[in-house]
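In: Need the 3D shape of this:
(2 chains)
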2 protein chains.
Amino acid sequence: MEYKTQMEAAKKGIITPQMEVVAKKEKIAAEVLREYVAKGTVAIPANPAHTSLSPEGIGSPLRTKINVNLGVSRDVTSYDMEMEKVMTAVNLGAEAIMDLSSHGDTEPFRKKLTSECPAMIGTVPVYDSVIHHKRDLGQLTAEDFLEVIELHAKNGVDFVTLHSGITRETMGGIKAGNRKMNIVSRGGSLIFAWMSMTGKENPFYEYFDKILDICYEHDVTISLGDACRPGSLADATDAAQISELVRLGELTKRAWAKNVQVMVEGPGHVPLNQIAANMEIQKTLCHNAPFYVLGPLVTDIAPGYDHITAALGGAVAAAAGAAFLCYVTPAEHLALPNVDDVREGIIASKIAAHAADIAKGLPGARDMDDKMADARKNLDWEEQYKCALDPETARKIREDRKPEDDHAETCSMCGKFCAVRSMNKALKGEVIDIL
Amino acid sequence: MEYKTQMEAAKKGIITPQMEVVAKKEKIAAEVLREYVAKGTVAIPANPAHTSLSPEGIGSPLRTKINVNLGVSRDVTSYDMEMEKVMTAVNLGAEAIMDLSSHGDTEPFRKKLTSECPAMIGTVPVYDSVIHHKRDLGQLTAEDFLEVIELHAKNGVDFVTLHSGITRETMGGIKAGNRKMNIVSRGGSLIFAWMSMTGKENPFYEYFDKILDICYEHDVTISLGDACRPGSLADATDAAQISELVRLGELTKRAWAKNVQVMVEGPGHVPLNQIAANMEIQKTLCHNAPFYVLGPLVTDIAPGYDHITAALGGAVAAAAGAAFLCYVTPAEHLALPNVDDVREGIIASKIAAHAADIAKGLPGARDMDDKMADARKNLDWEEQYKCALDPETARKIREDRKPEDDHAETCSMCGKFCAVRSMNKALKGEVIDIL
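Out: Below you'll find the model as predicted:
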């Protein structure tokens, strides 16, 4: 093999089989894609040990991708239910699954994912470190953490979130009480807690070069986690967040120098008017690395509906340059999502991603919308369901409340007042009966 | 009385009782508000015959308001269920209700609304014309339509949607087949159909001066309907839409000259990247009259989830200048919404309006978000519910899937991995136990 990673191949001018697949999916020339991968503008997270993978590219010149977080926790322990969520997610079009399991024996599920699931698989090794070593956080060593990264890499994981941007220096600002919500990143808080208990530097920062060696060996893409992502509107775009982003930009360059692919994670809770600015700053500080956002959530006061607050921020972010959206479910801030929540979260994310792709003017992005419009003009309901993101739900709503027989072609919203019916008749010169 | 309408009073330098109430609600000086009303930048739809009204101002310098469409149709005929929706809407914070009833005896319900409901009441008289006169569309005369406007005005309706911007000239472009979806405005299609059957000019345009006399007499605000609002992304910002907007700008000036308050209705289905431009164009063409948008929906392919596609466009529109959002429910394009749909639609609209108000930097707009952040940091769940847009739903999600007793202060999403718990312990110098 002349290369270990997609980026190395790209830099050597090699078009890999994965690039061929991705270029076809994106309807662009493989050579154009290769250049993006060489520059780091696009990442193709594709661990060779993930045997069931259908590769995808992540980068702002491509279609916006979405990620679905799953995994058992101490309070919800069924791996079967998680596998049901995985299949729901894949069927609804999620391109990536992050397995955030934090309970029980995590390795078999991870291996099942990388041998059966066609979507990219991501993990957050710091979560699994406590579980894997069966020792509490304060008892773990830097080596313990690195061991888990390597284990995940060998298990076929395509990308890992590492919170390498938070350091002992960061701790001062947080301790000074400059933020309303301190740190809300789960991984970031664990590292802060570990540094706080051990007095040592963040191992994901201190041993970054060793980590790069592991990731290079297995072509694991690093998703540089944003430990200091704002957890409330009040903390958005503050010194803690932006200082960390500066460091993530430095780490991006170090990874690329070793041919390791990178994504950079982003906020968080951000007011609508700050989102585009956040994307622009990321582009300059992180050298156009693909930006992976959680939300952004545009208000803090909608628990139960945060799939909507996140879709709203996500669409604006993706239109302004974010490449990858982490879904958020209605259970965010409240409970582990159930299968229905997962479904709602995915659809909301798909809407945001699709709206952004249309806004970006990607070729063919609006094709299905145009088909839908034709089906609507023709009052062809079966065709409308075919064009719908969720045909089942659309059908159910209409069929539950159907219009009467003498205007069965309409729906019960307008009945004979249906604008499409009136226009179709008027344009044929027919009499329009409403009563 | 020295004035008939809020605008007339404002121009005369009079601060009305309604202006006092609105200024207090908006936390601005009454004199500042009076100037907005005099210029037409803010409308206060407040028909003196609406005895139960708690007045609101509509305009981009103020909080974004939302409207809820209700009303029986031939297929769903229960006025009791509609009244239940009204109360749901008012309790969830809707500032306006449009009664679009198109079946049975519509007047008693309308009168009930204007004697019991504190929210602004709007109607679309052209819908009711067929019902009121019990004659089909083609049999109605211009006088018949005007009679219904006057009836609604006397019933205490605060604003009426009139599609005065579509004319016989417009028909040519539509007939030429330039659009994918022709006309999707229900009222617009009825007028097109009427013009088509009778060969006459649009009476809401031809007799606009007579209509202004009625609206002046009862201080009914005219919501200038956009008959040519795009019904698909493909039709967005096209010649039909913008030509009509030019005419609506002319009609706005004619109304203001007679001291009649005006809002201008807007799209529709619009790609995300065109929304801000649409708002800017409206401001120049319509002289900063308040803009009332339906959506905009940022994709056509999400039936069953159009409350989300509309919230997405609505937030961006309101942040860019739209003053008034018409809610959209999950049943849009499919069926008449039920009570649950109404609820979902309202919450989604409230999220959009609130996100926009924060983006606009309105004083105090973020207060509740800041309170929520404090409650989250304190893991104070009761306080979190109090800050939530929908406390009931938030509580239900958490309580259905509670964490175990030894970490009951967290939620089942993260359990002992809870970032807030870890940080609170770390900042106190405590040991953080995860296992």
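In: Please count neighbours and contacts with C-alpha atoms only from this point.
Out: Will do.
In: Could you list the domains of chain A?
Out: The record's domain parsing of chain A by automatic domain parsing lists A:50-360, A:367-427.
In: Tell me which residues are up against stretch A:95-110.
Out: Identification of contacts with stretch A:95-110 by CA atoms under 8 Å, 6 or more residues apart in numbering or on different chains yields A:56, A:65-74, A:77, A:79, A:86, A:119-124, A:127-128, A:131-132, A:155, A:157.
In: Give me the buried entries from those.
Out: Burial by neighbour count, judged by 16 or more other CA atoms under 10 Å in any protein chain shown, picks out A:56, A:65-74, A:79, A:86, A:119-124, A:127-128, A:131-132, A:155, A:157 from the contacts of stretch A:95-110.
In: what about the longest helix along chain A, distance to the chain center?
Out: Secondary structure of chain A per DSSP state H: the longest helix is helix A:339-360. Remark: helix A:339-360 is offset 10 Å from the chain centroid, using CA atoms, centre = their mean, to the nearest Å.
In: Check which residues of it are buried.
Out: Taking 16+ other CA under 10 Å as the basis for neighbour counts, the residues of helix A:339-360 that come out buried are A:339, A:341-360.
In: Downstream of that helix, the next helix or strand is which one?
Out: Following helix A:339-360 in sequence order, the next helix or strand is helix A:367-377 (DSSP states H and E).
In: Which helix or strand lies directly C-terminal to that following helix?
Out: Next helix or strand after helix A:367-377 toward the C-terminus (DSSP H and E): helix A:381-387.
In: Does anything pack onto that following helix? Which helices or strands?
Out: In terms of contacts (3 or more CA pairs under 8 Å, 6 or more residues apart in numbering or on different chains; DSSP states H and E), helix A:381-387 is packed against helix A:367-377, helix A:391-400.
In: residues of the first one that come out buried?
Out: This points to helix A:367-377. Those buried within helix A:367-377 under the rule 16+ other CA under 10 Å are A:368-377.
In: Among the residues you listed, which ones lie close to chain B?
Out: Taking CA under 8 Å from any CA of the partner chain as the test, chain B is in contact with A:368-370, A:372-374, A:376-377 out of these.
In: Quick one: the domains of chain A as CSV, columns for mean pLDDT too.
Out: Conversion of the domains of chain A to CSV gives the following (pLDDT from 0 to 100):
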stretch, mean pLDDT
domain A:50-360, 96
domain A:367-427, 95
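In: Among those domains, show me which one is buried the most.
Out: domain A:50-360 (a mean of 23; mean count of other CA atoms under 10 Å in any protein chain shown).
In: Of all the residues in the stretch 51-200 of chain A, which one is nearest chain B?
Out: Evaluated by CA to the nearest CA, the stretch 51-200 of chain A has A:R186 as its residue closest to chain B, separated by 4.7 Å.
In: Who are the contact partners of that residue?
Out: The neighbourhood of A:R186, defined by CA under 8 Å, 6+ apart, consists of A:227, B:417-419.
In: And those, which is closest to B:K283?
Out: Relative to B:K283, the closest of those is A:A227; by CA to CA it sits at 41.7 Å.
In: Checking my notes, that closest one in a helix, right?
Out: No. With DSSP: H, G, I helix; E, B strand; the rest coil as the criterion, A:A227 is located in coil rather than a helix.
In: Does it touch A:N202 like I think?
Out: No. Taking contact to mean CA atoms under 8 Å, the distance of 11.6 Å between A:A227 and A:N202 leaves them out of contact.
In: any shared contact partners between those two?
Out: A:I166.
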